[in-house]
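1. here's my sequence, what's the structure:
(one chain, ligands or ions: 2)
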Amino acid sequence: MPLRPLLTEEQIQKRILEMGAQIAADYPDGTLYLICILKGACYFLADLSRAITRDVRIDFMGISTYGSGKTTSGEVKITKDLDISLQDVHVLIVEDLIDSGVTLGYLMSLMQQRQPKSIRSTTLLEKPEHRLSNVKVDYVGFRIPDEFVVGYGLDYAEKYRNLRGIYILEGE
Ligand code: IMP
Ligand code: MG
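-> Ligands and ions are numbered 1, 2, ... in the order given. Have a look, this model is predicted:
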C-alpha cells in the first residue's frame, strides 16, 4: 500500500522540543511520571522524556483497542498494568494519537481512581473530526486530517512503527 508523507522526522523532533520545554515550565515541584501507552507511544515517550529538562520518571501501560486493521473494536483492554503506584505523584499520560477520545477518557478515569496529585495528558497527534468523548488533551503536537496514519510508533497490523516520519496510508 502506498505511503504519502505527512510529517517529516525534522518537523516531529522540532515540535517535541517545544512541547518538552512547555511541559518543563508548567509543572510545579514534585515527582512527574510519564505514563506511556503501549505500543504506539513508545517512540514519542523516548523523545519527549529527553526534551523535558526536569526530573521525570517513566512507566508503561499496555492496552489494546484496535483490531488488527483500521477499525476499532470499541473496547479498551489492559494488557499490561503499571509497575508503580500513582498516589501523590504528578501523572502525564503520553499517547500517540487521539481520535474519538474514548481510549484516553477511559485511561483518565482509571488513573484518577489511583489518587495522583495531578493528571494531565499529551498526544503527538490529534484527529479532531470525530471526537466522541469530551476528554481534554493538555498538550497536542499536531492536529491532522481524518486519514489513517502510520510511522513513528503508529502501525497498520503491527507494520510501519519504525518509520522515522509519519505517513498517510493510502488504498484499501
Ligand atoms: P480513540 O479511542 O478513538 O481516540 O483511539 C485512539 C487510538 O487508536 C490511538 O492510540 C491509536 O493507537 C489508534 N489509532 C487511531 N487512529 C489511528 C491511525 O490513523 N493510525 C494508527 N493508529 C490509530
Ligand atoms: Mg494507541
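
2. the protein: strands as residue ranges?
-> Assigned strands in the chain, in chain order: 3-7, 32-38, 56-66, 72-80, 90-98, 118-126, 139-143, 149-150, 166-169 (criterion: DSSP state E).

3. these: lowest mean pLDDT?
-> If the strands of the chain are sorted by mean pLDDT, strand 72-80 sits at the bottom with a mean of 79.

4. turn the strands of the chain into JSON lines, columns for mean neighbour count and distance to M108.
-> All C-beta atoms are positioned from the backbone trio N, CA, C, and that covers glycine. Conversion of the strands of the chain to JSON lines gives the following (neighbours: other Cβ atoms under 10 Å; distance: least, Cβ to Cβ, whole Å):
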{"stretch": "strand 3-7", "mean neighbour count": "15", "distance to M108": "26"}
{"stretch": "strand 32-38", "mean neighbour count": "22", "distance to M108": "11"}
{"stretch": "strand 56-66", "mean neighbour count": "16", "distance to M108": "12"}
{"stretch": "strand 72-80", "mean neighbour count": "11", "distance to M108": "12"}
{"stretch": "strand 90-98", "mean neighbour count": "22", "distance to M108": "7"}
{"stretch": "strand 118-126", "mean neighbour count": "22", "distance to M108": "6"}
{"stretch": "strand 139-143", "mean neighbour count": "16", "distance to M108": "14"}
{"stretch": "strand 149-150", "mean neighbour count": "22", "distance to M108": "23"}
{"stretch": "strand 166-169", "mean neighbour count": "20", "distance to M108": "25"}
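
5. would a markdown table of those with distance to L17 be doable?
-> What follows is the strands of the chain, written out as a markdown table (distance: least, Cβ to Cβ, whole Å):
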| stretch | distance to L17 |
| --- | --- |
| strand 3-7 | 14 |
| strand 32-38 | 16 |
| strand 56-66 | 15 |
| strand 72-80 | 29 |
| strand 90-98 | 16 |
| strand 118-126 | 13 |
| strand 139-143 | 11 |
| strand 149-150 | 21 |
| strand 166-169 | 17 |
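
6. if anything else comes up later, I'll come back, but that's it for now.
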